[in-house]
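A.B. asks: Could you work out the structure for the sequence below:
(chains A and B)
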Amino acid sequence: MMMQDLPLSFRENVINKLRSLYSTSGYSLYKMSKFEEYDLYARNKDFLISDRVITFLDTNGKLMALKPDVTLSIVKNTRDDMSGLQKVYYNENVYRASQDDRSFKEIPQVGLECLGELDDYSICEVLELAAKSLLCISQEGILDVSHLGLLSAVLDAIEVPAGKRETLLNFIGEKNTHEMLALCRSCEIASEKIELLKQVLAANGKPDVVIPKLRSLLDGVISMDALNQLENITAALSDSPAGQVLRIDFSVVDDMRYYNGIVFKGYVPSLPSSILTGGQYDKLMKKMKRKSGAIGFAVYLDMLERMDLVRRSFDVDTVLLYEEGASLPAIRAAAEAIRAKGESVMVQPKAPENIRYRNLMKLRGEEVVILE
Amino acid sequence: MNKMLNIALPKGRLGEKVYAMFEKAGFECPSIRENNRKLIFENAEKGIRYFWVKPSDVAIYVERGAADIGVAGKDILLEYEPDIYELLDLNIGKCRMAVAAKNDFYDDPQRTLRVATKFANIAAQHYRAKGRDIDIIHLNGSIELAPILDLSDVIVDIVETGTTLKENDLSVVETVVPISARLIANKASYKFKSEPIDKLVGEIAAQLEA
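C.D. replies: Here you go, the predicted structure:
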């Protein structure tokens, strides 16, 4: 009998699609160890989403950690002195502390990194792959895109004191306009400059609508380089399905000590938080003594199980019981006959507790009778 | 995504005030005023669903997407730091998070300061910013008892009128942060239900300015 393929879960389907998407775009699979020297994370704690890391001593007495992040390992282990760009994707687990119950969680991630001398094409390619990744998960996905170079230039232009920037960025990330305005006023920033910041942050939406607004607000205030790059890249995607999911939103504010340029976060309707996050992180590269730039993103697969449309109601289709002394060939034949109908079957001498089944059958002599 | 706008309101007087603001903003749900034991109230025509939850749980409902929007105190947002959007300060439920101690309290910098509080994160951040070494004693209620019984040197707690402090020979040493009710939104919901959320925010902001 031909063995039937089990239907793939939603998550397994998405992983297959993403792997195919990345490999057909010329990204090669990057396999790595589950462990990394703890020192790598200790030196870059702020880059991590959570600074709590599972550590242990290896047999040489070296302090090791279960990977809380993939990007740092890729940057550490990838050379950037070769010509061309390094394009890799991964399908790995990371280990992070959960904020809610303060325990550690294993989080499956798929993502990609592009390292080297980035130009607008390479950034555009990664942004398009991020948008396409989102479309693999939901046709209604939205990818919020921000440009930290532009935001940083606006903060410089309105003269936000250095010591207040982090707090201000937190408020921007929360769309917390009331506290942002109060902070600006307490820093004695001129009211027309505060108004400018307010209008820049309120400019959310489709790139072809928002970018002209930003241009009229910022022309002559800051250098147009960042806005030109944002326009160049989003306009190149405007006719593609990937371009339709892009929205400009400056509330995407990753840590400016590591990230620069374009950053983004992806959302789908049935999940409560972002499922995809990424951006350009030249500053991390510099901190890790690399000469070039890099951009990448990760898709958090742990959340996808909430999107499985088919919910299992049973552990097994049929439980098949047999009587003491039943012949082995008869039991095997009866189980095989049920499997041949496309059903899963669990063979047991007694009805098991804690197992949910659709049918309960019993082999009596050569005959299978239905009990439930 | 469910197209109904799910709104989590804090149980109690504050929640009732908030509902009145929402109702005035055109987000009414008459069944909520009926005296019954229902947990969820729906106005199908308007596409709105309300539910009352424990005030400290509103942020969890919103962060996890069970509610699209909700109203939570700034104290809860600072303590639990949920990943949400904070869209408006509703300027109601006003009070302050404060450090209080016995009237004759002297802060000896040579000793670790014992701080009793329900708000361990807020207290830790407040004293970290000052570089002060503290020992946090996490309590769930009757915080004012702690300095009286010498369980702690100070407390970090919400102060409304200060009457309880005064009656127990305690006084405010410093204000940590002013507190009021905030309108919060789930980040994904804000992307996919931006129209009704923006409408509500606009209407409420207009009420606040009036």
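A.B. asks: Just want the residue of chain A that's nearest chain B.
C.D. replies: Closest approach between chain A and chain B, counting by C-beta to the nearest C-beta: residue A:272, at 2.7 Å. Heads up, the C-betas are built off the backbone N, CA and C, glycines and all.
A.B. asks: Read off the pLDDT value for residue 107.
C.D. replies: In the absence of a named chain, chain A is used. Confidence at residue A:107, expressed as pLDDT, is 87.
A.B. asks: wait, I meant chain B there
C.D. replies: Residue B:107 is given a pLDDT of 89.
A.B. asks: Where does the residue lying closest to the residue of chain A closest to chain B once chain neighbours are set aside sit: helix, strand or coil?
C.D. replies: The shortest distance from residue A:272 to any non-neighbouring residue, by C-beta to C-beta, 6 or more residues apart in numbering or on different chains, is to residue B:65 (2.7 Å). Here residue B:65 is recorded as coil under DSSP: H, G, I helix; E, B strand; the rest coil.
A.B. asks: Who are the contact partners of the residue of chain A closest to chain B?
C.D. replies: B:63, B:64, B:65, B:186, B:187, B:188, B:189 (C-beta atoms under 8 Å, 6 or more residues apart in numbering or on different chains).
A.B. asks: As a check, name the ranges of all helices in the chain.
C.D. replies: Let's take chain A. Here chain A has its helices, by DSSP state H, at A:10-24, A:38-43, A:71-77, A:120-137, A:148-157, A:165-173, A:177-186, A:191-202, A:207-218, A:225-236, A:241-244, A:282-287, A:328-340.
A.B. asks: Hmm, no, I was thinking of chain B.
C.D. replies: Going by DSSP H, chain B shows helices at B:13-24, B:58-63, B:74-80, B:120-130, B:145-148, B:163-167, B:187-192, B:194-209.
A.B. asks: what about residue B:46, neighbour count?
C.D. replies: Residue B:46 sits with 14 neighbouring residues when counted by other C-beta atoms under 10 Å in any protein chain shown.
A.B. asks: my guess is residue A:181 meets residue A:194, correct?
C.D. replies: Yes. Residue A:181 is in contact with residue A:194 according to C-beta atoms under 8 Å; the separation is 6.2 Å.
A.B. asks: which bits of chain B sit near chain A?
C.D. replies: B:1, B:63-65, B:81, B:83-89, B:185-192 (C-beta under 8 Å from any C-beta of the partner chain).
A.B. asks: Go again with 7 Å.
C.D. replies: By C-beta under 7 Å from any C-beta of the partner chain, the part of chain B that sits against chain A consists of B:1, B:63-65, B:83, B:85-89, B:186-188, B:191-192.
A.B. asks: Please report how far residue B:147 lies from residue A:292.
C.D. replies: 58 Å (C-beta to C-beta, to the nearest Å).
A.B. asks: So which of those two has more stuff around it?
C.D. replies: residue B:147 (22 against 16).
A.B. asks: Thought residue B:102 was touching the more buried one, still the case?
C.D. replies: Yes. Contact status for residue B:147 versus residue B:102: in contact at 5.2 Å, counting by C-beta atoms under 7 Å.
A.B. asks: quick one: pLDDT of residue A:88?
C.D. replies: 95.
A.B. asks: farthest pair in the residues of chain B next to chain A?
C.D. replies: Using C-beta to C-beta, those span at most 27.3 Å, a distance reached by B:1 and B:89.
A.B. asks: returning to that earlier point: right, so the helices of chain B: which one is the most enclosed?
C.D. replies: helix B:58-63 (a mean of 26; mean count of other C-beta atoms under 10 Å in any protein chain shown).
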